[in-house]
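Enquirer: Dropping a prediction and its sequence here:
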Amino acid sequence: MSAALSARGLEKRYGRTTALAGVDVEVAQGELVGLLGPNGAGKSTLVKIACGLVRPTRGRAEICGARAGSLTARRSLGYLAELFRFPGWYSADEVLALHQRLSGSTGGGGERAELLELVGLSEARDRRVEEMSKGMQQRLGIAQALVGAPPLLLLDEPTSALDPVGRRTVRLLLEELRGRGTSVLLNSHLLSEIELVCDRVVILLRGAVVAEGSPADLSRARGVEIETDEGTRVYDGGREEVPRLVAELVAAGLKVYGVRVLTSTLEETYLEAVEGETS
Amino acid sequence: MSAIPTIVFYGLREALRRKVFAVVLLLTAGFLLLYWLANHYAFRDVQSITPPQGVPIDSRTFAGAFIFGLAMFATLFLGVVLAIFLTLGAVRGDAERGLLQPLIVRPVGRPTLLLARWLGAIGVCTPYVIGVYLGAMLITGLTGHWWPDHIVVPAIELAAGVAIVAALSLLGSVFLTATANGIAIFMVFGAGLVAGLLGTIGHALSSHTLEHAATVAAWIVPFEALYQDALREITANTTGLTGFLLQLGPFGGAYIHGAGVRIWACAYLVLIAVVAALGFSRRDL
């Protein structure tokens, strides 16, 4: 079975500026991958190439085995742009109906009602886009991306305009999508969000992948903190060292009151990977 | 191809919302009212004009053809305004506002999107142009009892001229921002009209240099050639001194005309479509 998204040696240059410098990324079927990186790292460019808005200078991207940008590839994806707008005079229901017609979805009113409920907009079905808050428009954008139940979702900063409740709604939605087997490439600056929902994280810096793995893999051990009757001390090593360390301390006549394996957070790993860079 | 009606309707609804139609209909009502007044007074005064003895001129035909030629210019202008405002921001303008991206990632070919936007524009502009043309013709006919020698061909040529401007505007929207594109297309339209006027003057003065320059311009922007041909058609059967004076222009003569211009206009549309489709397919959004 081909990957939902596969990018190999992807390069993109805008004049003298290199946005992507040979990126290899893969999103497996049903996998939820988070894309991290400072502004200008190439995250949005990668997403735009995947959905056919931007042509790569070199390399190849495929969506479910079809060349990115082809009609076949576009039939297999849903996309929420970082900066998007729907016509202000359309109602939420009309926006979804428009995208149903363009994507060839036969879901009809049932699908539209389900999608609006998923993103918490059932009450705003007939409300015009121009009368919606930015957060509501963003949730409508997510519903639009889900029209036709595409096997791959490309979400570029889907929670940037959302309040904490809205972000939680999206997080729950992503977990539900994972349950349905939908693949997701999530581009976000919110590390905590990515850490909570993503199976794997890819960190980009200056157009190249600098770190990749599951949140657990990326959260490396920083030692073992042990509290004894002589006080608290941090020892080198990880979880596998705990039995030995405790046995040695007990053998030395100390009383052990508590043991904690110290791991770095995704934020610390991210800051280390991007060398503290920001734009 | 099933996406075409959806995008056509999308474009029309956008235009309706932006009050493009309301503005154009208001302008049109104003124009037709003024045109009726002009006809009323022109034909009233023509009745009192007595040509010098021995000068075989039909003053009613001259006045009718001249004033209706003026109406055709106004009709073309209004149609062009409508066509440009319906298409000037179709690609880059909509992309900058974030409206295009959600549509373009759908399984709809970029050429299909361009074709649908063009069909939407001409679906409005051509009936509009033909309607205003017929309205002006009725006003002149009923007020001054003068009717064009040919009615259908000039109407089609005016409508085709507007369709060409709509295609040029869509092509421009691929590369230019909405404002820059609007300005550019209006300037191209104005330049075409000036070239046509110069050509008519050159024709009357037998200036080959002026005629040659205007001919080149007319082939570059064939909406002008179609307009000139439409003017020629309304007095195609008018002969004698009246016909000669009308041929001197500016609303009756055509220095290039006929089937060649019409065939070239069709080929020109195909050429624009190819360039626009290629340009759009290579454009990063």
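Expert: Done, it's in.

Enquirer: where's B:Gly260, which helix or strand?
Expert: In this assignment (DSSP states H and E), B:Gly260 forms part of helix B:259-281.

Enquirer: Report the distance from that helix to the chain centre.
Expert: Helix B:259-281 has its C-alpha centroid displaced from the chain centroid by 17 Å (CA atoms, centre = their mean, to the nearest Å).

Enquirer: Buried ones in it, by neighbour count?
Expert: Neighbour-count burial for helix B:259-281 flags B:261-262, B:264-265, B:268-269, B:272-273, B:276-277, B:280 (criterion: 16 or more other CB atoms under 10 Å in any protein chain shown). To be clear about C-beta, it is placed using only N, CA and C from the backbone, and glycine gets the same treatment.

Enquirer: That helix packs against which elements?
Expert: helix B:110-144, helix B:152-175, helix B:222-234 (3 or more CB pairs under 8 Å, 6 or more residues apart in numbering or on different chains; DSSP states H and E).

Enquirer: quick one: low-confidence ranges for the chain?
Expert: Since no chain was named, I'll use chain A. A:1, A:276-279 (pLDDT under 70).

Enquirer: my question was about chain B
Expert: B:1, B:51, B:55, B:240-246, B:248-256.

Enquirer: Can you tell me the SS state at A:Gly24?
Expert: Not quite, residue A:24 is Asp, not Gly. strand (DSSP: H, G, I helix; E, B strand; the rest coil).

Enquirer: Thought A:Leu5 was touching it, still the case?
Expert: No: judged on CB atoms under 8 Å, A:Asp24 makes no contact with A:Leu5 at a distance of 11.4 Å.

Enquirer: the more surrounded of the two?
Expert: A:Leu5 (29 against 14; other CB atoms under 10 Å in any protein chain shown).

Enquirer: Neighbours of the closest residue to the more buried one other than its chain neighbours, how many?
Expert: Leaving aside its chain neighbours, A:Leu5 sits nearest to A:Val27 (4.0 Å; criterion: CB to CB, 6 or more residues apart in numbering or on different chains). A total of 26 residues lie near A:Val27 under the criterion other CB under 10 Å.

Enquirer: Would you mind naming what in the stretch 151-285 of chain B lies close to chain A?
Expert: B:282, B:284-285 (CB under 8 Å from any CB of the partner chain).

Enquirer: quick one: the strands in chain A?
Expert: A:5-14, A:17-27, A:32-36, A:58-63, A:66-67, A:77-80, A:152-156, A:183-187, A:200-205, A:208-213, A:221-228, A:231-235, A:256-263 (DSSP state E).

Enquirer: export those to a markdown table and tack on distance to A:Gly109?
Expert: Shown next, in a markdown table, are the strands of chain A (distance: least, CB to CB, whole Å):
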| stretch | distance to A:Gly109 |
| --- | --- |
| strand A:5-14 | 31 |
| strand A:17-27 | 31 |
| strand A:32-36 | 29 |
| strand A:58-63 | 28 |
| strand A:66-67 | 30 |
| strand A:77-80 | 19 |
| strand A:152-156 | 22 |
| strand A:183-187 | 26 |
| strand A:200-205 | 36 |
| strand A:208-213 | 42 |
| strand A:221-228 | 53 |
| strand A:231-235 | 60 |
| strand A:256-263 | 48 |
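
Enquirer: Among those, which comes closest to B:Gly120?
Expert: strand A:77-80 (24.1 Å; CB to CB).

Enquirer: Alpha carbons only: can I get the closest one in CSV?
Expert: Only the C-alpha atoms of strand A:77-80 are listed here, as CSV (Å, rounded to 0.1, in the frame of the first residue of the first chain):
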residue,chain,number,x,y,z
LEU,A,77,-6.7,15.1,-0.2
GLY,A,78,-8.3,17.8,1.9
TYR,A,79,-6.5,21.1,2.5
LEU,A,80,-6.8,23.9,4.9
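
Enquirer: Give the other helices and strands that it contacts.
Expert: helix A:134-145, strand A:152-156.

Enquirer: how close does the most centrally placed residue in chain A sit to B:Leu142?
Expert: Centre of chain A computed as the mean C-alpha position; nearest residue by CA atoms, centre = their mean is A:Leu186, 2.3 Å away. Distance of A:Leu186 to B:Leu142, computed by CB to CB, to the nearest Å: 68 Å.

Enquirer: Equivalent analysis for A:Val201, please.
Expert: A:Val201 is 77 Å from B:Leu142, by CB to CB.

Enquirer: and the two? which has more neighbours close in?
Expert: A count of neighbours by other CB under 10 Å puts A:Val201 above the other of A:Val201 and B:Leu142, at 24 against 11.

Enquirer: residues in contact with the residue nearest to that one when sequence neighbours are not counted?
Expert: Excluding the flanking residues, the one nearest A:Val201 by CB to CB, 6+ apart is A:Gly34, at 4.6 Å. When contacts are counted by CB atoms under 8 Å, 6 or more residues apart in numbering or on different chains, A:Gly34 is found next to A:186-188, A:194, A:197-198, A:200-202.

Enquirer: Is there proximity between whichever strand or helix holds B:Ala71 and chain A?
Expert: Assessed by DSSP H and E, B:Ala71 sits inside helix B:59-87. No: using CB under 8 Å from any CB, we find that helix B:59-87 stays clear of chain A, coming within 14.8 Å at best.

Enquirer: Who are the packing partners of that helix?
Expert: Using 3+ CB pairs under 8 Å, 6+ apart, helix B:59-87 is in contact with helix B:3-17, helix B:20-46, helix B:110-144, helix B:152-175, helix B:178-205, helix B:222-234, helix B:240-247.

Enquirer: and if we set it to 6 Å?
Expert: helix B:20-46, helix B:110-144, helix B:152-175, helix B:178-205, helix B:240-247 (3 or more CB pairs under 6 Å, 6 or more residues apart in numbering or on different chains; DSSP states H and E).

Enquirer: Which stretch among the ones you listed approaches A:Pro151 most closely?
Expert: Nearest of those (CB to CB): helix B:110-144, 23.1 Å.

Enquirer: Any idea how far that closest one is from the middle of the chain?
Expert: Worked out by CA atoms, centre = their mean, helix B:110-144 lies 9 Å from the chain centre.

Enquirer: So which elements touch it?
Expert: On a contact count with 3+ CB pairs under 6 Å, 6+ apart, helix B:110-144 meets helix B:3-17, helix B:20-46, helix B:59-87, helix B:152-175, helix B:259-281.

Enquirer: could you give the angle of the helix holding B:Gly260 to helix B:222-234?
Expert: 150 degrees (axes from the mean of the first three to the mean of the last three CA atoms, to 10 degrees).

Enquirer: Contacts only, for the closest residue to chain A within the stretch 101-250 of chain B.
Expert: Using CB to the nearest CB, B:Arg106 is the residue of the stretch 101-250 of chain B that sits closest to chain A, at 3.9 Å. Listed by CB atoms under 6 Å, 6 or more residues apart in numbering or on different chains, the contact set of B:Arg106 reads A:102-103.

Enquirer: What helix or strand is it located in?
Expert: Judged by DSSP H and E, B:Arg106 forms part of no helix or strand.

Enquirer: How many neighbouring residues does B:Ala195 have?
Expert: 21.

Enquirer: Which residue is the nearest non-sequential neighbour of it?
Expert: B:Ala217 (3.4 Å).

Enquirer: Touching whatever helix or strand comes next after the helix holding B:Ala71 from outside, list them.
Expert: Per DSSP H and E, helix B:59-87 leads on to helix B:92-96 as the next helix or strand towards the C-terminus. The contact list for helix B:92-96 (CB under 6 Å, 6+ apart) reads B:100, B:173, B:177-178, B:285.

Enquirer: Mind telling me the two of the residues you listed farthest from one another?
Expert: Among the contacts of helix B:92-96, B:Ala178 and B:Leu285 lie farthest apart (CB to CB), at 14.9 Å.

Enquirer: Settle this for me: B:Gly141 is touching B:Pro148, isn't it.
Expert: No: applying CB atoms under 6 Å, one finds B:Gly141 not in contact with B:Pro148, separated by 8.5 Å.

Enquirer: From the centre of the chain, point out the most distant residue.
Expert: Just going to use chain A. Largest centroid distance in chain A under CA atoms, centre = their mean is A:Gly253 at 49.2 Å.

Enquirer: my bad, the chain I had in mind was chain B
Expert: Outermost residue of chain B (CA atoms, centre = their mean): B:Gln53, 39.8 Å.
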